[in-house]
Each structure stands twice: as C-alpha cells, then as structure tokens.
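J.: just to be clear, the model below is a prediction. Sequence and coordinates:
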Amino acid sequence: MTRHVAGGWPGAGSGSPRTLFEKIWARHVVVEGPGDHALLYVDRHLLHEGATHALRRLAAAGRTVRRPDLTFATADHYVRTAPGALAPDPEIQAMVETLVEHTARHGIVTFGPGDPRRGIVHVIGPELGLTLPGLTVVCGDSHTATHGALGALAFGIGASEVEHVLATQTLWQRRPRTLRVTIEGRLPLGVTAKDVALAVVAALGAGGGTGHVIEYAGATVRAMSIEERLTLCNMAIEAGARAGMVAPDETTFAYLEGRPFAPRGDRWARALEFWRTLPSDPGARFDRELALAAGDVAPTVTWGTSPQDAAPITGRVPDPATVRDPVRRRAMERALAYMGLRPGTPLAGIPVDRVFIGSCTNSRLEDLRAAARVVRGRRAVVPAWVVPGSGLVKRAAEAEGLDRVFVEAGFEWREPGCSMCVGMNGEVGREGERVASTSNRNFEGRQGRGARTHLMSPAMAAAAAVTGRLTDVRTLVS
Amino acid sequence: MPSFTRLTAVAAPLDLPHVDTDRIVPARFLRLPRGAPEYARALFHDLRFDAAGAERPEFVLNQPPYREARILVTAENFGCGSSREMAVWALAAWGIRAVIAPSLGDIFRQNCLKNGLLPVLLDAAVVADLRRQLHARPGAAVTVDLETQTVTTPAGVVHRFEIDPFHKALLLSGQDELALTLAHESAIRAFEARLAAEQPWVVPPPAP
C-alpha cells in the first residue's frame, strides 16, 4: 500500500523544473503513498494554549513527545493583554498552567508568562529565527500560513493532527495543487501588504485557493520586506489555501542572520547554500496562475462577513439586487443586515465605534510604525487599542518611542497576545459595535457576538481611530 | 475513531455559503474538553439561539423534521476559516455523521476524517438540487454509502463521489492514523538519521 523512500532525497537531482513547494515537499516525504498521500516529516511544531487538548490526550495515552527539540510553545490565544495578570479567569489560568507543566515535563522550550519573548505564535516564530526556509512548519492554528513568508511550507492543523505530530513528528498529507499569484509593479502611496492580501482574497474568493498552496511571486513581492511578506502569506488561508509562501532571497537571509534560533557559523553557511537552491526553477509549472497589478490595488476595507467581501475605500457598499445567484444574494443580504449597512453607502465616512491594531496579520514593528505615522499629532476620537505581537516587538517599539505616540494620542498600549482577533480571551466587541480592525477575519461573531468587523491595514485603522470613521488614509498623509 | 460504512438518515439543508468554523462553534466554547457533551449545544450556537438563549425557530436544525438529521447538506466552502477541530466535535456531538457539500474548508475536511465524520464532495448543481429536495420534503432521508462511494437522494437518484483510498480504508475500519504511523517507525528513524547527517542546521541551537 505504501513504499518507503530509500537512498537519497526523493526527487533530488531530477531533471524537470520544480516549484519551491515541490522541492520542500519532496524533501520531507518519509513514506510515499497510498495514492497522492504521503507521510511528511515536520521540522517545526509550534504550540499555544489550544494544544492542551492534545497534550492531555498524549499524557492519557502514556506517549512521549518524539522531538521536543523541534517543538516550541507560547501563550497567546487565551491570555489577556491588559497590564497585570495574564489569565482573565481561573479556567484560562489552569489552561496556561497545563501548557507550561506539560511542555516542561517533555522538555519543550516555552515562551510562557513572564518571558519577554512571549507573543503571538506567528510573530515569534520568524522573529526568533525558529522559522527557516525549506522547513515544514505546523501549528494548531490556521494562520500558520504566515511562516511561508520565509520560504517554509507552513500550514495549520487540527487538534488530532497536533497529537499526531507530538507523538510521531510526522503527518499524513494529501499533496496539494500549486497556485502562483504574480504581482508586478510598485504599490501606490498608502497601499500596503495588507491591501494586497485583501485584494488577492477578493480576486480568488474565500474558497478559491482550496486544495492549493499559493506561491506569491513577482517584482512587488520581491520588493517587500519580510514583515510585509508575513502579512501577505498570513491571509492565504482566507482564500482557502492552507499555505502561502514566498521564495527565499537575500532579504530573507539578511532578516534571519543572527536571530537567536537561526543556525550559526558553519551550519549557517551550509543552510544558506541549500536555501539558495529552493526558489522555483525557471519554467516550473503551476497548476493555476493569477496575475495582479500592484498599481490597481487601493487602500482596502471589508464591508461584509467574509474576507472576500473587500473593496477599495473609495467604493460603496454593494447592492445584493445586482447578484443573480440566489444563494449568494441571500448571503450578501444577511451580511449587510449583520453589518448594519445599506447598499450604495460610500465606505469612506461609515462611523466606527472602536479600533483594534494587532493580530498575527499586523502587529509587527513596521505595522506599528505605519500606524504611528498617521497618529502622530492627532487624537483618537474612539476607543483604540494597540496590541504588539510579541514582547520583543513591544520593547523595540518602546525603544523608538512609538508607545508614547499612541498613548499621547489616547490609544491604549497593551501587552502581547491575540486579543480582539480571536474572541476567546474576553477581549471582544459588544453587540452592534463597529470595529476597524487590522486582523484577518470579519466573520459573524468573530470579535464578539454581534460585533461588526471591518478589516484594513494598520495605517487605515489609525486613520479610522483619529477620525471616528472609515477614512482613506491618503487624505491624512502625503 | 468510529467507523463509517453506510448511513441512511434524515438530511438537513443549510443554504448559507462560506459558513466558517467560528459560526459552527464560537470561540468562547473551545475550552470544553474533547468529548464533552456540551459541544452538542455549542453547535451553530449563535445561529440556533438568540442572545437570551431561546431557540431561533427559523434555523433549520431547530425545525422538528430536521432535529433528527444525521446528514448535513451545505453550500460552498463550508467549514472555512479557523483550524478548530471543535467544529467537527460539535457536529459529531449533535449527531451529524456526514456532510455533503460542493466544497469544504481544507482543514475542516481533514478534521472530519480524523473523527469518523464523512466529508462528501459532489458537483455544486447536484448539491443545490439536493438541498431543494430536502426543503420540499422536510425529513426526507438520504443514503450515504462509503463502500460504493454513492449518495442516494430522496428521489432515488444515485450520485457517485470521490474519496481518496487512504481515508476510505481508515474510515471503513475506524482505524486512526496514529496507529498506522507507528507501524512506520523504522522509516521515520531512517529519515531522522539522514536529516541529522545531511542538514544538521535544521535542529535549532539550544535556547540562548
């Protein structure tokens, strides 16, 4: 039924041009088959509080963690981000304690309460040099796609799969198809990686990338910093693709060199040599292609309850009457009713009740700088939070005075965590509250029962905070 | 995990496209332990119940003929979004054993397969027609047969579906993947030896 892979790396040295994905996949096959399935080796397994479901089952079965040296943990989803105690209630306190106890017993390095490196799992993986090109990275969280920005094959998994990886360091996976999204041209003023990410989701549709791995390519992507690429790959899952990736290049290597868990000395040199072989070969074939012109992307906001419901801030709330398919028309009517919006309303000018700047999509230093540039010299007119992605991001931002910019403008400067992105830590919007948010999901109830989410970039969220309305950031900065 | 062979049961139609896993089980319920019976009430919680906790009569699973449903027939991209396996635990706790859809979120589909819940993908027009039949004849039964890879509609029309042989075998036997993987211990060990020799940099240096 299956065949073992003997000898050299499967597919190594084969003549036909291969994609970045194909090279990484082939390099990690432990057992090939049956069919298009393979048993894949996992190089990095990242855990958060949600992993306690799997850790408890593992303990109950009397199993050990096969590779604690490839496994790392943090607390981000359930912790609160107000100053003071991390756990908002005894149940969450117990959850964090369980995570810390179990990981300690297994010898897993944990960035837990009190550790300055603690933060959102998808922020700290790259930041600490745990995520490297060519690796397979998994985590029990769908935004694991983020790590693909460094040229890794990274995807989210469920609780049973977390348990499987803890026990065996492998996963049975069906080989996905490949989809290349090529973006060419310079991003216009005021347009960010977040706007590109939303434009890609809108172009593909929320299910358009299902069954595929996306490789983002083209001059626009090559010109992006690693933090911008992380934002782009983060939202691959919002188009249905489990993984998004960018080929490693000099930008990647410069970002990684010297990070605490990156290889050093001779190992760095050997790694670098291998990483340079990873980019897709000229002439490599993708199952699907999508091309986008950077010049066509505008500052973007969502108006509905799916990330695909995105439009330029200069646009209007769409009219369901123009949608022919009855299922989609009813879905749009429902979304507008939930969002409290009328067809034809200009998006710019819609009043917001609060602002959230944070999440694994947009909580890194460059995001906070972009928001601070808009905020400087202005005041927030609605409650607004800034939640740095990690303790290290927070410290770096404070070193350059960003915290003071926010605090002087009336923003709350908070502790790292997932906060208002996940709705499981008590930090949620109220029923009917309209939130300008830099997170990744505008689903019904995502930010609290009845809360209304508009997704946008950090600069756009900052503009909404200082005007109290959805605002084209280009009208505030030159 | 429970095996899946053949099921004839009431099927409930859910017409909304892109039903994300947050809607299937809201985040505030995710700390319930695996196997907790409370997951049955958490299923579609904010669609099924109003803010005061009363049932919303318009929601399909609150309507008498569909309360017995063991099969859910959905629109496109059901189960998109978050990787939470609790979405599958909640469906299973409520009693759903198969989901028929034109397309499913990838991680949700994987999670179904780990819990003996059969994901069935059929052509969008076929699924839309099936939902129409179920609206027209509330409480009508559908048969899902994994062995023959067929769905039989209330009208008796048989549709064949595709499923990979790997998961078909696991679902039919109820064997979970972990047991299968443990039989490949020597292959994993060989892989690790090669990794250590050829790419030692993959293992991170000790924590600074």
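T.: Cool, got the structure. In this text the structure is predicted, and so the values were computed from the model without any measurement.
J.: helices or strands next to the longest strand belonging to chain A in the packing?
T.: Secondary structure of chain A per DSSP state E: the longest strand is strand A:177-184. Under the contact definition 3 or more C-beta pairs under 8 Å, 6 or more residues apart in numbering or on different chains; DSSP states H and E, strand A:177-184 sits against helix A:193-204, strand A:212-217, helix A:219-222, strand A:288-293. (Glycine included, C-beta is placed from N, CA and C.)
J.: again, 6 Å this time
T.: For strand A:177-184, the packing partners by 3 or more C-beta pairs under 6 Å, 6 or more residues apart in numbering or on different chains; DSSP states H and E come out as strand A:212-217, helix A:219-222, strand A:288-293.
J.: list the buried ones in the last one?
T.: Which is strand A:288-293. For strand A:288-293, the neighbour count (16 or more other C-beta atoms under 10 Å in any protein chain shown) marks A:290, A:292 as buried.
J.: next, the angle from it to strand A:177-184.
T.: 20 degrees (axes from the mean of the first three to the mean of the last three C-alpha atoms, to 10 degrees).
J.: so what does strand A:288-293 touch, helix or strand wise?
T.: strand A:177-184.
J.: tell me the strands beside the strand it packs on, with direction?
T.: strand A:212-217 (parallel), strand A:288-293 (parallel) (DSSP bridges).
J.: export those strands to CSV and tack on mean pLDDT?
T.: Putting these into CSV (pLDDT from 0 to 100) gives the following:
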stretch, mean pLDDT
strand A:212-217, 98
strand A:288-293, 98
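J.: need those strands in JSON lines (columns: distance to residue B:77).
T.: Converted to JSON lines, the strands paired with strand A:177-184 look like this (distance: least, C-beta to C-beta, whole Å):
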{"stretch": "strand A:212-217", "distance to residue B:77": "14"}
{"stretch": "strand A:288-293", "distance to residue B:77": "17"}
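J.: relative to residue A:309, which of those is closest?
T.: Among these, strand A:288-293 comes nearest to residue A:309, with 18.0 Å by C-beta to C-beta.
J.: touching that closest one from outside, list them.
T.: Outside of strand A:288-293, the residues within contact range by C-beta atoms under 6 Å, 6 or more residues apart in numbering or on different chains are A:179, A:180, A:181, A:182, A:183, A:185.
J.: of these, closest to chain B?
T.: residue A:179 (12.8 Å; C-beta to the nearest C-beta).
J.: residues touching the closest one, list them.
T.: By C-beta under 6 Å, 6+ apart, residue A:179 lies in contact with A:212, A:214, A:288.
J.: hmm, 7 Å instead?
T.: Counting by C-beta atoms under 7 Å, 6 or more residues apart in numbering or on different chains, residue A:179 makes contact with A:209, A:212, A:214, A:241, A:286, A:287, A:288, A:290.
J.: ok, and the closest non-adjacent residue to the first one?
T.: The spatially closest residue to residue A:209, leaving aside those adjacent along the chain, is residue A:241, at 3.2 Å (C-beta to C-beta, 6 or more residues apart in numbering or on different chains).
J.: same list, the helices and strands packed on strand A:177-184, but as JSON lines with distance to residue B:10 please.
T.: Listed next are the helices and strands packed on strand A:177-184 as JSON lines, based on distance: least, C-beta to C-beta, whole Å:
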{"stretch": "strand A:212-217", "distance to residue B:10": "35"}
{"stretch": "helix A:219-222", "distance to residue B:10": "49"}
{"stretch": "strand A:288-293", "distance to residue B:10": "38"}
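J.: so what does the least confident helix or strand in chain B by mean pLDDT touch, helix or strand wise?
T.: Ranking every helix and strand in chain B by mean pLDDT, DSSP states H and E puts helix B:177-182 at the bottom, with a mean of 93. Counting contacts by 3 or more C-beta pairs under 7 Å, 6 or more residues apart in numbering or on different chains; DSSP states H and E, helix B:177-182 packs against helix A:159-168.
J.: now the helix it packs on - C-alpha only, CSV.
T.: Below are the C-alpha coordinates for helix A:159-168, written out as CSV (Å, rounded to 0.1, in the frame of the first residue of the first chain):
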residue,chain,number,x,y,z
ALA,A,159,-6.1,19.0,17.5
SER,A,160,-5.8,15.4,16.3
GLU,A,161,-3.0,16.3,14.0
VAL,A,162,-1.3,18.2,16.8
GLU,A,163,-1.4,15.0,18.8
HIS,A,164,-0.1,13.0,15.9
VAL,A,165,2.8,15.4,15.3
LEU,A,166,3.7,15.4,19.0
ALA,A,167,3.8,11.6,19.0
THR,A,168,5.5,10.9,15.6
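J.: what distance separates stretch B:45-62 from the middle of the whole chain?
T.: 21 Å (C-alpha atoms, centre = their mean, to the nearest Å).
J.: distance between the longest helix seen in chain A and the chain's centre?
T.: With secondary structure taken from DSSP state H, chain A has its longest helix at helix A:90-106. Distance of helix A:90-106 from the chain centroid (C-alpha atoms, centre = their mean) equals 25 Å.
J.: list only buried entries from the contacts of residue A:179.
T.: A:209, A:212, A:214, A:241, A:286, A:290.
J.: which one of these is nearest to residue A:35?
T.: For those, the nearest to residue A:35 is residue A:212 (18.0 Å; C-beta to C-beta).
J.: enumerate every residue touching the closest one.
T.: Contacts of residue A:212 (C-beta under 7 Å, 6+ apart): A:176, A:177, A:178, A:179, A:241, A:288.
J.: redo that, cut-off 6 Å
T.: Counting by C-beta under 6 Å, 6+ apart, residue A:212 makes contact with A:176, A:177, A:179, A:241.
J.: beta partners of the third one?
T.: With DSSP bridges as the criterion, the beta-bridge partners of residue A:179 are residue A:214, residue A:288.
J.: domain-wise, how is chain A divided?
T.: Here the domain parsing of chain A from automatic domain parsing is A:23-175, A:300-475.
J.: pull the distance from the longest one to the chain's centre.
T.: This means domain A:300-475. 16 Å.
J.: thinking again about what came up before, now tabulate the domains of chain A in JSON lines and tack on distance to residue B:87, mean pLDDT and mean neighbour count.
T.: Shown next, in JSON lines, are those (distance: least, C-beta to C-beta, whole Å; pLDDT from 0 to 100; neighbours: other C-beta atoms under 10 Å in any protein chain shown):
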{"stretch": "domain A:23-175", "distance to residue B:87": "9", "mean pLDDT": "96", "mean neighbour count": "22"}
{"stretch": "domain A:300-475", "distance to residue B:87": "12", "mean pLDDT": "97", "mean neighbour count": "22"}
